[in-house]
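[1] Make a model of this:
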Amino acid sequence: MEETTSTQQSAHDPSRSPREHFASRLGFILISAGCAIGLGNVWRFPYIAGEYGGAAFIVLYLLFLVILGLPVMVMEFAVGRASQRSCARAFERLQPSGRWNWFSWWSYIGCMILMMFYTVVCGWMLAYTAKMATGAFVGQDVDGVAAVFGAMLADPTELIGWMLAVIVIGFLVCSLGLQKGVERITKVMMVCLLLVMVALVFRSVTLPGAMEGLEFYLIPDFGKMFDGGVGHFGEVVYAAMGQAFFTLSLGIGAMEVFGSRIGDKHALTGEALRICGLDTAVAIIAGLIIFPACFAFAVAPDQGPALVFVTLPNVFEQMPLGQLWGTLFFVFMSFAALSTIIAVFECLITFTMERWNVSRSQAIARTALLVTVLSIPCALGFNLWSGVTIPGIGDIQSIEDFIVSNNLLPLGSLLYVIFCVTKGGWGWDNFLKAADMGEGMKFPRWSKIWLTFGLPILIVIIFVMGYVPKIALWFS
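    Modelled structure (predicted):
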């Protein structure tokens, strides 16, 4: 991979101050993919793929990934690269009239709320890595494993302790700087993540009875997509559309920050395709770990989060050298979660540096304190504050997740599209110029009509459908 200088000058405006860029193209791709790769890739994608037709669902998912997720990712990258700034200052540089300046806060609020619960959930992964390595699940049945998980949630000291460990790790990495910390360590972590996944896949597919799980997951069964008639097919389409959209963490400016840290040598469409491909590969490989193992030990793989924290530890307990393989699995889960933590922390730090003109060390101190304080309610929401709920949504963690996933992500993505395709925003020609600068695949000019009308309609459908079950429950 080619090297760039650490303070490459933007080609868009020579008057701008130097900005630290990624040291390599590989670093940019792995960090952007690390931000997109999260816990939903590990348990949610394999589950819904199996439920809605296996490989048939995956084909539908890939279609929506290309027509829905990919364009928005390119737009975020383009806004960042053209402005050479995060959301904090990007819109005032690209649209000097000031009409879009308010949107700069969307990224900060979205990333902050995401970290308010993601730090806690990532803490669960670190806790389970330690529990699996020290034999906490040895000799336990399903009820015993469930009791371990329940005891962890009921202990505010343990949850806050692991949450603090996650925050310290994340900000320690970011304190080393973009190239020496975020880029260098994320590269190592992502490579280790992929190696651990390969080892886990090999162990899973070689288990007796694993072939049935592979058939369930990989052989297309289009009939499952139509079980229950047209209504069920609509559920399948929405599930594929939603997974393709939410898997990339679009709409809160995280990808924009990374776009502002790259040079002009490569066009953005090809880079976005590589990142989408890596994100999808991790999701599909996770299914190759989970389904063969579950079928080998006659365990239903349709239990959502309980699959990871209750069912799979029991599966590893039955497996030869299960303690080793279980520990590796939760190391993989921890890396997947920490890659997102580090990437989003970097977004918050960059925003703070640019918005308030402070040094990196000052931005880290402010952001670390704020993230720590704001993450505590989520940790307490499983025990001391468990009575704080909203009907149809759930506890504090579910409320925070709902705000981000069902509101800020889709609406933020819609606003990015409007900003990039309309004259009242940045404009189509400016977007294309930024997206196509450099070598590689160019963004299709003929797609303007789709991006102006079709893509916004799909995003609105995702937003509305996220509320439909809640409203039905509220008025039932």
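
[2] what comes into contact with the one helix or strand Ile185 maps to?
    Taking DSSP states H and E as the definition, Ile185 sits inside helix 184-205. Residues from elsewhere that reach helix 184-205 (CB atoms under 8 Å, 6 or more residues apart in numbering): 26-27, 30-31, 33-34, 37, 173, 176, 210, 214, 282, 285-286, 288-290, 292-293, 296, 319, 325, 328-329, 331-332, 335-336, 338-339, 342-343. In short, each C-beta sits where N, CA and C put it, glycine included.

[3] Just the buried residues of those.
    Buried by 16 or more other CB atoms under 10 Å: 26-27, 30-31, 33-34, 37, 173, 210, 214, 282, 285-286, 288-290, 292-293, 296, 319, 325, 328-329, 331-332, 335-336, 338-339, 342-343, out of these.

[4] Heading C-terminal from the helix holding Ile185, find the next helix or strand.
    Past helix 184-205, further along toward the C-terminus, the next helix or strand under DSSP H and E is helix 210-218.

[5] mean confidence for that next one?
    In this model, helix 210-218 has an average pLDDT of 86.

[6] Enumerate the positions of that helix that are buried.
    By neighbour count with 16+ other CB under 10 Å, helix 210-218 contains the buried residues Ala210, Gly213, Leu214, Phe216, Tyr217, Leu218.

[7] Give the burial count for Ser175, as a bare number.
    Neighbour count for Ser175, taken as other CB atoms under 10 Å: 17.

[8] Just the pLDDT at it, thanks.
    pLDDT for Ser175: 95.

[9] Report the next helix or strand after the longest helix seen in the chain in sequence order.
    Scanning the chain for the longest helix, with DSSP state H as the assignment, gives helix 322-356. Under the assignment DSSP H and E, the closest C-terminal helix or strand after helix 322-356 is helix 360-380.

[10] Just the C-alpha atoms of the helix or strand that that following helix is followed by, please, in CSV.
    Counting by DSSP H and E, the element after helix 360-380 in chain order, helix or strand, is helix 396-403. Once non-C-alpha atoms are left out, helix 396-403 reads as follows in CSV (Å, rounded to 0.1, in the frame of the first residue of the first chain):
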residue,chain,number,x,y,z
ILE,A,396,-32.4,2.3,29.1
GLN,A,397,-30.1,0.4,26.8
SER,A,398,-33.0,-0.4,24.5
ILE,A,399,-34.1,3.3,24.6
GLU,A,400,-30.7,4.5,23.6
ASP,A,401,-30.4,1.9,20.9
PHE,A,402,-33.8,2.9,19.5
ILE,A,403,-32.9,6.6,19.4
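
[11] Going forward, count from 54.
    With the count now opening at 54, the last piece we talked about shows up as helix 449-456.

[12] any idea of the angle the helix or strand just after helix 449-456 forms with helix 449-456?
    The C-terminal neighbour of helix 449-456 among helices and strands, as given by DSSP H and E, is helix 462-474. For helix 462-474 against helix 449-456, the angle between stretch directions is 20 degrees (axes from the mean of the first three to the mean of the last three CA atoms, to 10 degrees).

[13] tell me which element the closest residue to Ala353 other than its chain neighbours falls in.
    Take Ala353 and drop its neighbours on the chain: the residue closest to it by CB to CB, 6 or more residues apart in numbering is Cys347, 7.1 Å away. Using DSSP H and E, Cys347 falls within helix 321-349.

[14] Count the neighbours of the residue lying closest to Phe130 once chain neighbours are set aside for me.
    For Phe130, the nearest residue in space outside its immediate sequence neighbours is Gly312; the separation is 3.5 Å by CB to CB, 6+ apart. The tally of other residues near Gly312 (other CB under 10 Å) stands at 29.

[15] and Phe369, what is it in contact with?
    Applying CB under 8 Å, 6+ apart, the residues near Phe369 are Met185, Phe190, Gly375, Gln376, Trp378, Gly379, Phe382.

[16] Can you get me a residue count around the first one?
    When you say that, I think you mean Met185. With other CB under 10 Å as criterion, Met185 counts 25.

[17] The longest helix of the chain: how far from the chain's middle?
    Centroid separation between helix 375-409 and its chain, computed with CA atoms, centre = their mean, to the nearest Å, is 10 Å.
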